[in-house]
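Peer 1: Sequence plus the predicted model coming up.
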Amino acid sequence: MKRKKLLITVSVIALIAASATIYALPLAADPVGAKDCGDILPPLPALKGRAASVPEPHWAQRGGTVNDASCLSRTPVAGVVAVRSEQDVAGAIAYARAHGLTISPAGMKHSMGGHAFRRGGVVLDMKGLSAIVLDAAKQTVTVGSGATWHDIQKAIHPRFAVKAMQSTDIFTVGGSISVNAHGMDHRAGAVMRSIRSLRVMLADGRIVAASRTENPDLFNHIVGGYGLFGVLLSAELDVVPNDVYRSERAMIDYRDFPKTFAALEANPAVGLTYTHLSTAPGSLLREALVYSYRKVPEDQGLTRAPLTEVSSTKLRRLTVNLAKRNDFFASAKWWSEKHIEHRLETCTITRAQAMKDGEACLVSRNDPMHDSVAYLRNALPAETDILHEYFIPRDRIVPFIDAMRTLFQQQHANLVNASIRAVDTESNALSYAPAPAFSIVLYLNQKTDAEGTKAMAKLTSDLIDLTVKEGGRFFLPYQLHYTPEQLKRSYPQIGDFFAEKRRWDPDGLFSNSWYARYAPAFSAPVSKS
């Protein structure tokens, strides 16, 4: 009898384990190619082609469709040109002009509203322009616009580090400049501040330089201009010493964040910082983990280890995907970040060296930003993960979070991650930060059916209205779930931006789905005949 009970118990345990394994395997599985969930972009009028005796460009894809990281923007195009040289860009521009087509430069296509392509247009795959040349004496690096931050870090490590980039390294330099991206360094500002100069091909095929002193008006529109003013060919960027930091973290109440950040900002030794907000239902947006990196003295002779890739990809992917499934796993994910994750942190300075700085975890500046987030990619059908970002005046961050929490709870938003970063005043033409602000970055899961899209559209619209009410602005590289009126309220300068675009590109050669949707509301649309 006992043996029979034991066999039954073992069988039940085995069945549960097998079921759990079957459930978990798809959640941890590597993606197979790019995910494609369809097309929710607004319909656009077809472009009219015409016969012309201009040589065909170097097509990587003739006709067909393209998509972006949202997986929701499948769009038919004339084709994709594989750019390997500046001559390829010139040839594609000549071909598009002769055939009445538009041009859209594209990198990794992580904008989520068709910002890197337009229906019926020519897409320039810029990733082939990826040369990287370090000038150690000048402390600059000159890179092709298709170079990724991942490759730049590897090229300049261990002596130098990137000055300004996103918190992950998968993006191209051209893509980052086109949105004026920002990241963990609250002192460096966004990418714009680290640019020495740009080389740009204009709609007439001319190559010009743009900087704060040479063609400054063009410079201010190329940066954060979404590829609408020209094709960015290369950039000369500042690099900084690859300092060694002591990694620190603190758990605080979200209402204490402003004074906590003020103390970090006042400490010149703190080089990087970001904050994660709780995504657990029981403490939603009420707990905050503040991560900071404090510079250690230079005279310790610390050796920077080679850069390595983030480990445990499948386990990390499983954790993230389980958190999307129910409240229990969402709470478990936040608990593990609070109590376990820091114990698994890779400290790239050897323990013998770290002993000189106590038992601290020491890393080089490049280490925290050398993350290609492979664990966020998955093979799960019928769902996708969407980024939002909102820039809030620093004195309004707490009431914004309170109101945002209410929206999430009312609309049952599936929040995967929420973080806070700091931005200073940004002076480009379409600035998201006309004054110092805190950036709220949201990573949300949505179903890709009509109901899921409708729910995300409502949440986005409500968050934009809340942002404008608090005197802030929403980031433009994401889904197009907002009206021209909301765009105007958030960016009062948008009409001037579109007018300047027409001045530099009167025939509307450079275009994308975002421009095609919103520009007509602020001016007469540019015809392509």
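Peer 2: Okay, I see it. Numbering: from 1, shown residues only.
Peer 1: Return the distance of residue 143 relative to residue 349.
Peer 2: From residue 143 over to residue 349 the distance is 28 Å, taken as C-beta to C-beta, to the nearest Å. The way it works is simple: take the backbone N, C-alpha and C, and place the C-beta from them, glycine included.
Peer 1: Mind checking the pLDDT average for the helix or strand containing residue 104?
Peer 2: According to DSSP states H and E, residue 104 maps onto strand 103-106. Strand 103-106 carries an average pLDDT of 98.
Peer 1: which helices and strands does the helix or strand hosting residue 333 pack with?
Peer 2: Residue 333 belongs to helix 327-339 when assigned by DSSP H and E. Under the contact criterion of 3 or more C-beta pairs under 8 Å, 6 or more residues apart in numbering; DSSP states H and E, helix 327-339 touches strand 287-295, helix 313-323.
Peer 1: Just the buried residues of that helix, please?
Peer 2: 329, 330, 331, 333, 334, 337, 338 (16 or more other C-beta atoms under 10 Å).
Peer 1: and what of stretch 73-83?
Peer 2: Those would be 73, 74, 75, 77, 78, 79, 80, 81, 82, 83, for stretch 73-83 by 16+ other C-beta under 10 Å.
Peer 1: List just the nearest of the residues you listed to residue 470.
Peer 2: residue 73 (29.0 Å; C-beta to C-beta).
Peer 1: And that closest one, how far from residue 119?
Peer 2: Counting by C-beta to C-beta - residue 73 and residue 119 are separated by 10 Å.
Peer 1: what sits in contact with each of the two?
Peer 2: Between them, residue 73 and residue 119 share these contacting residues under C-beta atoms under 8 Å, 6 or more residues apart in numbering: 41, 513.
Peer 1: The strand holding residue 104 packs against which elements?
Peer 2: So strand 103-106, by 3+ C-beta pairs under 8 Å, 6+ apart, packs with helix 86-99, strand 122-125, strand 231-241.
Peer 1: what pairs with the last one, and is each one parallel or antiparallel?
Peer 2: Sheet pairing here is set by DSSP bridges, and for strand 231-241 it gives strand 140-144 (antiparallel), strand 160-162 (antiparallel), strand 195-201 (antiparallel).
Peer 1: now the helices and strands packed on helix 327-339 in a markdown table, with distance to residue 451, mean pLDDT and mean neighbour count?
Peer 2: A markdown table is the format used below for these (distance: least, C-beta to C-beta, whole Å; pLDDT from 0 to 100; neighbours: other C-beta atoms under 10 Å):
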| stretch | distance to residue 451 | mean pLDDT | mean neighbour count |
| --- | --- | --- | --- |
| strand 287-295 | 31 | 97 | 20 |
| helix 313-323 | 20 | 93 | 19 |
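Peer 1: got TSV for those, with distance to residue 257 too?
Peer 2: Converted to TSV, those look like this (distance: least, C-beta to C-beta, whole Å):
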stretch	distance to residue 257
strand 287-295	6
helix 313-323	23
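Peer 1: Quick check: residue 448 touching residue 38?
Peer 2: Yes: taking contacts as C-beta atoms under 8 Å, residue 448 lies within contact range of residue 38: 6.6 Å.
Peer 1: Neighbour count for those two, which is higher?
Peer 2: Ranked by neighbour count (other C-beta atoms under 10 Å), residue 448 and residue 38 place residue 448 first, with 20 against 13.
Peer 1: Check the spacing between the closest residue to that one other than its chain neighbours and residue 370 real quick.
Peer 2: The shortest distance from residue 448 to any non-neighbouring residue, by C-beta to C-beta, 6 or more residues apart in numbering, is to residue 37 (4.0 Å). Residue 37 is 29 Å from residue 370, where distance means C-beta to C-beta.
Peer 1: circling back: let's have the helices and strands packed on strand 103-106 in a markdown table, adding mean pLDDT and distance to residue 261.
Peer 2: Converted to a markdown table, the helices and strands packed on strand 103-106 look like this (pLDDT from 0 to 100; distance: least, C-beta to C-beta, whole Å):
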| stretch | mean pLDDT | distance to residue 261 |
| --- | --- | --- |
| helix 86-99 | 97 | 42 |
| strand 122-125 | 98 | 39 |
| strand 231-241 | 98 | 21 |
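Peer 1: Any chance of TSV for those, columns mean neighbour count?
Peer 2: Below are those laid out as TSV (neighbours: other C-beta atoms under 10 Å):
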stretch	mean neighbour count
helix 86-99	19
strand 122-125	26
strand 231-241	22
